[in-house]
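A.B. asks: quick one: sequence plus predicted model below, questions after.
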Amino acid sequence: MQVLATTAGGDGVRSVPIHCQTEPDVPEAPTDVKALVMGNAAILVSWRPPAQPNGIITQYTVYSKAEGAETETKTQKVPHYQMSFEATELEKNKPYEFWVTASTTIGEGQQSKSIVAMPSDQVPAKIASFDDTFTATFKEDAKMPCLAVGAPQPEITWKIKGVEFSANDRMRVLPDGSLLIKSVNRQDAGDYSCHAENSIAKDSITHKLIVLAPPQSPHVTLSATTTDALTVKLKPHEGDTAPLHGYTLHYKPEFGEWETSEVSVDSQKHNIEGLLCGSRYQVYATGFNNIGAGEASDILNTRTKGQKPKLPEKPRFIEVSSNSVSLHFKAWKDGGCPMSHFVVESKKRDQIEWNQISNNVKPDNNYVVLDLEPATWYNLRITAHNSAGFTVAEYDFATLTVTGGTIAPSRDLPELSAEDTIRIILSNLNLVVPVVAALLVIIIAIIVICILRSKGNHHKGIYADH
């Protein structure tokens, strides 16, 4: 119990809770009493606990007497955990009356309804257990009773959700007819019927098994994004039966570590704040209840708003003098994510290796590259960083002359690729074809002259021999 005070301004703070319990009382009567013939001298009496125990049941008392006789009523005390009693040494073909009471520490409660049975050699198959609902915790064992009597001994069979049961590694029928299920899971929930049959009669009962399991995977969807936060919508799985207590939200940047956040079960939406701008994130959720943490949802791949830095226009960024160049970093656009730093590199145009000038230039400053040679062409490479990534930009510029003048643009001939060479040839076939034809004629003429001269020398050698 808790107490709070209320004013015109609203409710105050609740007091520290206190726990109390009403005094016990005598219990109500046991329910659903059965009396089943076991033979010519024995009857099995079974019952269910009182609907209102009014305290902790300490014992049961079974009363019996021969019907229609002035015989003394017999009593038998039974432990609180036992729901049946076998009355023996009875007379054959004589009716007997039975009733049961329950007791608490206060005293004995009301008696149940009376039931009459008569010992006999003919014992029809009957089930002493009652239809019941059993609640099992996920991964624990469950046992559902099916205590049967009969002569001849009845055959016990079980059906699971209407399908006849066959024993396996997790389920088996015990010698007393009970069905044992090891390490129950969600799929085990449902109706289980026990059937007892002998040559005289048959009987059946149906149990319902409820499995209290951790929550199944919740649904996680993206509701909104900003540059530093994600809003996700959480929805429990439709198949959950146990009350959900809350969620655990798991999230991480693409190359970071997982972080968690607890979310109330009443919160349909949750903001994940303090995130990196323009960065990819993975998000998933698990539910939890009094059984434990449940299955993980599918991973949601998303990103915060924001982009990599964007290149500025060269005239706004670079200011050249004869022996230095000034860089105005405020000209860069941050893409929605604040700049972290810049890396500055430079080299003369005819050099291969870059020289790093600085690897940590702050974005709110101007930066001057000194000690440059006048009237010289240079290459400049800038790498701009923010939380969304980096952007590389290359610029070329020429320092001014010592008098402040500019130099002529570079006239370096560009290197032609193979495709460019072929394109030039094909576009000038009217010049290329005559040149190639003339070259072929000259080559053929040279070959013919060489052959003729070779034959002439051969004939001269023959005449000389004669």
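C.D. replies: Thanks, I have the structure now.

A.B. asks: give me the neighbour count for the closest residue to N386 other than its chain neighbours.
C.D. replies: Among residues not flanking N386 along the chain, C337 sits closest, at 4.2 Å (Cβ to Cβ, 6 or more residues apart in numbering). For glycine as for every other residue, the C-beta is placed from the backbone atoms N, C-alpha and C. Using other Cβ atoms under 10 Å, C337 has 23 other residues around it.

A.B. asks: same question for W158.
C.D. replies: Counted with other Cβ under 10 Å, W158 comes out at 22.

A.B. asks: start at 50, not 1
C.D. replies: Got it, the first residue is 50 from now on, which makes the last one we talked about W207.

A.B. asks: which residues does it contact?
C.D. replies: W207 is in contact with 195, 213-214, 222, 228, 241-244, counting by Cβ atoms under 8 Å, 6 or more residues apart in numbering.

A.B. asks: hmm, which of the residues you listed are the buried ones?
C.D. replies: 195, 214, 222, 228, 241-244 (16 or more other Cβ atoms under 10 Å).

A.B. asks: quick one: the residue nearest the centre of the chain and Y333, what's the gap?
C.D. replies: The centroid of the chain falls nearest to A345 when counting by Cα atoms, centre = their mean (2.1 Å). Distance of A345 to Y333, computed by Cβ to Cβ, to the nearest Å: 5 Å.

A.B. asks: what do the two both touch?
C.D. replies: What both A345 and Y333 touch, as defined by Cβ under 8 Å, 6+ apart, is the set H299.

A.B. asks: can you report how many residues neighbour the residue nearest to W426 when sequence neighbours are not counted?
C.D. replies: Excluding the flanking residues, the one nearest W426 by Cβ to Cβ, 6+ apart is R398, at 4.1 Å. For R398, the neighbour count with other Cβ under 10 Å is 13.

A.B. asks: which ones are touching R398?
C.D. replies: Applying Cβ under 8 Å, 6+ apart, the residues near R398 are 426-428, 445, 459.

A.B. asks: which among those count as buried?
C.D. replies: Looks like these have 426-428 buried, using 16+ other Cβ under 10 Å.

A.B. asks: and the residues you listed, which is closest to Q160?
C.D. replies: Checking these against Q160 by Cβ to Cβ gives N428 as the nearest, at 104.8 Å.

A.B. asks: would you mind pulling the contact partners of whichever helix or strand that closest one is part of?
C.D. replies: Following DSSP states H and E, one finds N428 within strand 426-435. By Cβ under 8 Å, 6+ apart, the surrounding residues in contact with strand 426-435 are 326-327, 355, 357-358, 367, 374, 376, 381, 383-384, 386-398, 403, 418, 421, 439-448, 456, 459.

A.B. asks: write the PyMOL selection for whichever of those are buried.
C.D. replies: Typed into PyMOL, the next command selects the buried ones out of the contacts of strand 426-435 (criterion: 16+ other Cβ under 10 Å):
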select buried, resi 326+327+355+357+358+367+374+376+381+383+384+386+388+390+391+392+393+394+395+418+421+440+442+444+446+447+448
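
A.B. asks: tell me where the stretch 400-515 of the chain has strands.
C.D. replies: Assigned by DSSP state E, counting those that start in this stretch, the stretch 400-515 of the chain shows strands spanning 404-410, 415-418, 426-435, 438-447.

A.B. asks: of those strands, which is nearest T122?
C.D. replies: Closest of the strands of the stretch 400-515 of the chain to T122 is strand 438-447, at 90.8 Å (criterion: Cβ to Cβ).

A.B. asks: just checking: what are the partner strands of the closest one?
C.D. replies: Paired neighbours of strand 438-447 in the sheet (DSSP bridges): strand 426-435 (antiparallel).

A.B. asks: give the buried residues for the partner strand.
C.D. replies: 426-431, 433-435.

A.B. asks: and if you look at stretch 205-220?
C.D. replies: 205-207, 209, 214, 220.

A.B. asks: including pLDDT, could these go into a markdown table?
C.D. replies: Listed next are these as a markdown table, based on pLDDT from 0 to 100:
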| residue | pLDDT |
| --- | --- |
| I205 | 94 |
| T206 | 94 |
| W207 | 96 |
| I209 | 93 |
| F214 | 86 |
| M220 | 94 |
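
A.B. asks: for M50, state which of the contacts of W207 is nearest.
C.D. replies: Y241 (40.7 Å).

A.B. asks: would you map the helices across the stretch 350-499 of the chain?
C.D. replies: Counting by DSSP state H, counting those that start in this stretch, the stretch 350-499 of the chain has helices at residues 363-366, 467-476, 478-514.

A.B. asks: measure stretch 71-90 end to end?
C.D. replies: One end of stretch 71-90 sits 45 Å from the other (Cα to Cα, to the nearest Å).

A.B. asks: how about it: buried residues?
C.D. replies: Within stretch 71-90, the residues that count as buried by 16+ other Cβ under 10 Å are 75-79, 82-89.

A.B. asks: let me know the pLDDT of the closest residue to K363 other than its chain neighbours.
C.D. replies: Leaving out its chain neighbours, the residue that sits closest to K363 by Cβ to Cβ, 6+ apart is Y444, at 5.8 Å. For Y444, the pLDDT comes out at 94.

A.B. asks: show the contacting residues for Y444.
C.D. replies: 363, 366-367, 428-431.

A.B. asks: and those, which two are furthest apart?
C.D. replies: F366 and N428, at 14.5 Å, using Cβ to Cβ across the contacts of Y444.

A.B. asks: so where's the stretch 300-449 of the chain shaky on pLDDT?
C.D. replies: Within the stretch 300-449 of the chain, no stretch has pLDDT under 70.

A.B. asks: ok so, going back, which of the buried residues of stretch 205-220 lies closest to D289?
C.D. replies: Using Cβ to Cβ, I209 comes nearest to D289 of the buried residues of stretch 205-220, at 22.3 Å.

A.B. asks: tell me the contacts of the nearest residue to the closest one once chain neighbours are set aside?
C.D. replies: Leaving aside its sequence neighbours, I209 sits nearest to Y241 (Cβ to Cβ, 6+ apart; 5.7 Å). Applying Cβ under 8 Å, 6+ apart to Y241 gives the contacts 193, 207-210, 228, 255-258.

A.B. asks: quick one: Y241 from S227, how far?
C.D. replies: For Y241 relative to S227 (Cβ to Cβ), the value is 11 Å.

A.B. asks: any residues in contact with both of the two?
C.D. replies: Contacts common to Y241 and S227, judged by Cβ under 8 Å, 6+ apart, are M193.

A.B. asks: how deep is the nearest residue to D218 once chain neighbours are set aside tucked in, by neighbour count?
C.D. replies: Nearest non-adjacent residue to D218, counting by Cβ to Cβ, 6+ apart: K231, 7.9 Å away. K231 has 14 neighbours, counted by other Cβ under 10 Å.
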